[in-house]
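S.K.: 3D, please:
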Amino acid sequence: MKKLLFLILIGVSCNIAAQKWSCGKLINFLQRNIPNPDRVETLNSNTLVKVEFFLSIESGYVIAYFKKKSSDKIKNAKIYFWITRDGWDEFKLDGMQNGYDKAFSTYIEKYKYDCE
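M.R.: Next comes the predicted model:
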């Protein structure tokens, strides 16, 4: 099962350049196929509501939920690919010490996937 999930995630990651996936479709896929994400509730953030880290065999994925006027959480979410476990841990530590907005821009933002 883990090998199959790994192959699917690699296929999704490699296929993103050739095909534009919707953010909602990717979010639903990650939430269904990678159980128990590591979560951070970003209480001291001006822009973030929460951030979830999904770790597969070879890569990590982040779903970040942003504060916006829309009540639709999917519209307020963005996806980030190829986040390492070390990068995630640094984000959490730096966020607790110096604020999640700065930590997010340092460790996560550069990996944004531009979905629809």
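S.K.: how about stretch 85-103, which residues are buried there?
M.R.: Buried residues in stretch 85-103, counting neighbours by 16 or more other CB atoms under 10 Å, are found at 87-88, 91-92, 94-95, 100, 103. For every residue, glycine as well, the C-beta is placed using N, CA and C.
S.K.: these: which two are farthest apart?
M.R.: 87 and 100 (14.2 Å; CB to CB).
S.K.: and the buried residues of stretch 85-103 as a markdown table, adding pLDDT and distance to residue 51?
M.R.: Shown next, in a markdown table, are the buried residues of stretch 85-103 (pLDDT from 0 to 100; distance: CB to CB, whole Å):
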| residue | pLDDT | distance to residue 51 |
| --- | --- | --- |
| 87 | 95 | 12 |
| 88 | 96 | 9 |
| 91 | 96 | 8 |
| 92 | 95 | 9 |
| 94 | 95 | 12 |
| 95 | 94 | 8 |
| 100 | 94 | 7 |
| 103 | 96 | 10 |
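S.K.: what about the residues you listed, which are in helices?
M.R.: If you go by DSSP state H, those have 87-88, 91-92, 94-95, 100, 103 in helices.
S.K.: residues contacting stretch 36-45, please?
M.R.: 30-31, 48-55, 63, 67, 88, 91-92, 95, 99-101, 104 (CB atoms under 8 Å, 6 or more residues apart in numbering).
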